[in-house]
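In: Predicted model and sequence follow; I will ask about them next.
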Amino acid sequence: MKRILLGTVALLALGTAPALAQQKTIKIGFISSFSGPAAAIGNDMRNSFELALDHHGRKLGGLPVEVIYEDDQIKPEVGVQKTQKLIESDKVDFIVGYIWSNVLLASLKPIVDSKTFLVITNAGASQVAGELCSPYVFSTSWNNDQTPQAVGLYMNQKGVKSAFLIGPNYAAGKDMLEGVKATFKGQIVGQELTRWPDQLDFSAELSKARAAKPDAIFAFYPGGAGIQFVT
């Protein structure tokens, strides 16, 4: 069986060698958020990617790399438009990036349908590891519901009997709250999904949490919203 597998790999390598020889540049489309409050995250991602390319002599697999950066503006409808542009007009070999799970989910179908390889650098939509799993999609980050599942177990260990859940009303926020529910054995006395991404005043939701008198509050807010929530 091992010889068969090795032989198959060798044939595949020989079969793809001419195609690689004819291709002069690897084209990578990089989608992230480069404007608005989340620009700091997107710029960090771009800078780290550029640094890695510099370390590799701006080449991958011995071929020079061309990177096309696109700003999704934290909007799913913009993200899918930019994704389609990279696939149809720029004809990229790989797509990299995505911070936000809702932008990723909106953009996933054209990527998979075109059989373009995707490497996710941050977004952790749980569907990607479930019903939307694809051999063309790879994640270097996490599933959104993994960490809150651990938090739920921790609350059980600490004897927490009731909890109030709060998070933003988009894919990642919903995944986070569902992760807690999956493992927490106590009572969920309330839940709030707040407007995303422009709501920064949480006084009404915190008043509801205070009235519910839970033992603990679980909250998930990324970026500037997280700072504002703590404040």
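Out: Right, received. Where do you want to start?
In: show me where the chain has helices.
Out: Along the chain, the segments classed as helices by DSSP state H run 2-22, 39-55, 76-88, 101-113, 146-157, 171-183, 203-212, 223-230.
In: need the ones you listed in JSON lines with mean neighbour count, distance to Tyr69 and mean pLDDT, can you?
Out: C-beta here means a position set from N, CA and C on the backbone, and glycine is covered the same way. Formatted as JSON lines, these follow (neighbours: other CB atoms under 10 Å; distance: least, CB to CB, whole Å; pLDDT from 0 to 100):
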{"stretch": "helix 2-22", "mean neighbour count": "9", "distance to Tyr69": "25", "mean pLDDT": "42"}
{"stretch": "helix 39-55", "mean neighbour count": "14", "distance to Tyr69": "6", "mean pLDDT": "95"}
{"stretch": "helix 76-88", "mean neighbour count": "19", "distance to Tyr69": "10", "mean pLDDT": "98"}
{"stretch": "helix 101-113", "mean neighbour count": "21", "distance to Tyr69": "15", "mean pLDDT": "97"}
{"stretch": "helix 146-157", "mean neighbour count": "16", "distance to Tyr69": "29", "mean pLDDT": "97"}
{"stretch": "helix 171-183", "mean neighbour count": "21", "distance to Tyr69": "23", "mean pLDDT": "96"}
{"stretch": "helix 203-212", "mean neighbour count": "14", "distance to Tyr69": "36", "mean pLDDT": "96"}
{"stretch": "helix 223-230", "mean neighbour count": "14", "distance to Tyr69": "20", "mean pLDDT": "86"}
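In: any chance of these in TSV, plus distance to Ser139?
Out: Listed next are those as TSV, based on distance: least, CB to CB, whole Å:
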stretch	distance to Ser139
helix 2-22	24
helix 39-55	14
helix 76-88	16
helix 101-113	10
helix 146-157	11
helix 171-183	13
helix 203-212	30
helix 223-230	20
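In: Could you report the distance from Leu200 to Gly186?
Out: Distance of Leu200 to Gly186, given as CB to CB, to the nearest Å: 29 Å.
In: Leu105 too?
Out: Leu105 is 30 Å from Gly186, by CB to CB.
In: if we compare the helices of the chain, which one ends up closest to Ser134?
Out: Minimum separation from Ser134 across the helices of the chain (CB to CB) falls at helix 101-113, 4.8 Å.
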